[in-house]
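A.B. asks: Below is the sequence, then the predicted model.
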Amino acid sequence: MPTIFEQIVDLKTKAKNRRDLGRYDRAAAFVREAIALAKKDLAVPALRSKLASELADCYGILGGIERRWALDSNTPVEKRAGHIRESVRAYDQAWALESGDYGVSSSYGMVNRLVSRILADPQALSGGHVTELGEGIEALEVRAELENARKMIENSKRSDYWAAADLALVKILLGDGDTEGAYAEFILRSPPDYAHNSALDVLRPLSEIGLPVKDALADAVTLLEARLSRLRSG
C-alpha cells in the first residue's frame with residue numbers, strides 16, 4: 001500500500017496535470033484531497049515537519065490553481081473575483097505553515113499571498129493602502145508586507161533559485177533597483193526551464209494590470225522569456 005507521502009505526491013501530480021489542461025475544478029478537487037490526507041496525520045510527531053511541508057506545498061498549488069482559474073479568459077467575469085479570493089485564502093494557509101514552528105523553509109506562500117492581493121486590488125502597492133477582500137481574509141497593508149518579505153528573504157540562509165526569484169519579484173514590486181540587477185542572483189543559480197516558467201506565470205498577469213512598476217515587470221518578462229528561449233534551444 002502506498003505511504004501517505006506517496007499518495008499526496010500522486011494527488012499533487014494529478015492536480016497539476018488537470019491544472020495545465022485548464023480543468024481547474026478537478027485540479028482543485030485533487031489537491032483538496034491531498035490537503036485532507038496531510039492534515040489527518042499532521043499531529044503525529046514523527047511526521048509533523050514533513051507533512052507540514054507537503055501541506056504548505058498543497059496550499060500553494062491550490063492558490064496557483066485558483067489564481068489561474070481567475071485569470072483564465074474562459075472564466076465568467078462574475079466568477080473571477082471569487083477565485084482570486086480563494087487564491088488568497090490558500091496562499092494565506094501556506095504562509096501560516098511557513099511561518100509556524102513546523103520547520104518549513106519556503107517563501108512561496110509569503111510572497112504569493114501578496115501577489116494575489118495585488119491582482120485583486122491594484123492599489124495595493126500604494127503606501128498606507130490596506131487591501132480588504134472580505135470576511136475571513138486578513139486585511140493587509142501589502143507594501144509594508146512586501147518590505148517585511150524582502151527583509152526576511154535577505155536575512156534567511158536560503159540560497160536556492162526559488163528564494164532568488166521571490167526576492168527579485170519583491171524588489172521589482174517595491175520599485176527597488178533595475179530588472180537585470182534584481183534577477184542577477186536568480187540567473188546565477190542556473191534555474192531550469194520550469195523555474196523560469198513559474199516566475200513568468202507570476203510576472204505576466206502583474207505586468208498587465210497597470211501597476212506603477214508596469215514597465216519593470218514587462219522588462220522582467222522580456223528578460224526571462226529570452227533566457228528561457230536560449231535554455232530550450234540548448
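C.D. replies: Happy to help now that I have it.

A.B. asks: any idea how far stretch 72-91 is from the chain center?
C.D. replies: How far stretch 72-91 lies from its chain's middle: 15 Å, per CA atoms, centre = their mean, to the nearest Å.

A.B. asks: swap in stretch 158-176?
C.D. replies: 12 Å.

A.B. asks: Tell me which residues of that stretch come out buried.
C.D. replies: Of the residues in stretch 158-176, 161-174 count as buried by neighbour count, 16 or more other CB atoms under 10 Å. Yep, even glycine has a C-beta here, placed from its N, CA and C like the rest.

A.B. asks: Nearest to the spatial middle of the chain, which residue is it?
C.D. replies: Asn112 (3.7 Å; CA atoms, centre = their mean).

A.B. asks: if we can go back for a sec, ok, of the buried residues of stretch 158-176, which one's closest to Ala195?
C.D. replies: Taking CB to CB as the measure, Ala195 lies nearest Tyr161 of these, at 5.5 Å.

A.B. asks: ranges for the helices of the chain?
C.D. replies: 4-20, 24-40, 48-71, 77-98, 108-120, 142-155, 161-173, 179-182, 184-188, 193-207, 214-233 (DSSP state H).

A.B. asks: could I get those as JSON lines with distance to Gly128 and mean pLDDT?
C.D. replies: Output for the helices of the chain, formatted as JSON lines (distance: least, CB to CB, whole Å; pLDDT from 0 to 100):
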{"stretch": "helix 4-20", "distance to Gly128": "36", "mean pLDDT": "97"}
{"stretch": "helix 24-40", "distance to Gly128": "35", "mean pLDDT": "97"}
{"stretch": "helix 48-71", "distance to Gly128": "26", "mean pLDDT": "96"}
{"stretch": "helix 77-98", "distance to Gly128": "20", "mean pLDDT": "97"}
{"stretch": "helix 108-120", "distance to Gly128": "15", "mean pLDDT": "97"}
{"stretch": "helix 142-155", "distance to Gly128": "8", "mean pLDDT": "95"}
{"stretch": "helix 161-173", "distance to Gly128": "16", "mean pLDDT": "96"}
{"stretch": "helix 179-182", "distance to Gly128": "24", "mean pLDDT": "94"}
{"stretch": "helix 184-188", "distance to Gly128": "30", "mean pLDDT": "95"}
{"stretch": "helix 193-207", "distance to Gly128": "21", "mean pLDDT": "96"}
{"stretch": "helix 214-233", "distance to Gly128": "21", "mean pLDDT": "95"}
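
A.B. asks: Same list, the ones you listed, but as JSON lines with distance to Gly134 please.
C.D. replies: Conversion of those to JSON lines gives the following (distance: least, CB to CB, whole Å):
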{"stretch": "helix 4-20", "distance to Gly134": "25"}
{"stretch": "helix 24-40", "distance to Gly134": "19"}
{"stretch": "helix 48-71", "distance to Gly134": "15"}
{"stretch": "helix 77-98", "distance to Gly134": "6"}
{"stretch": "helix 108-120", "distance to Gly134": "10"}
{"stretch": "helix 142-155", "distance to Gly134": "16"}
{"stretch": "helix 161-173", "distance to Gly134": "23"}
{"stretch": "helix 179-182", "distance to Gly134": "32"}
{"stretch": "helix 184-188", "distance to Gly134": "34"}
{"stretch": "helix 193-207", "distance to Gly134": "21"}
{"stretch": "helix 214-233", "distance to Gly134": "26"}
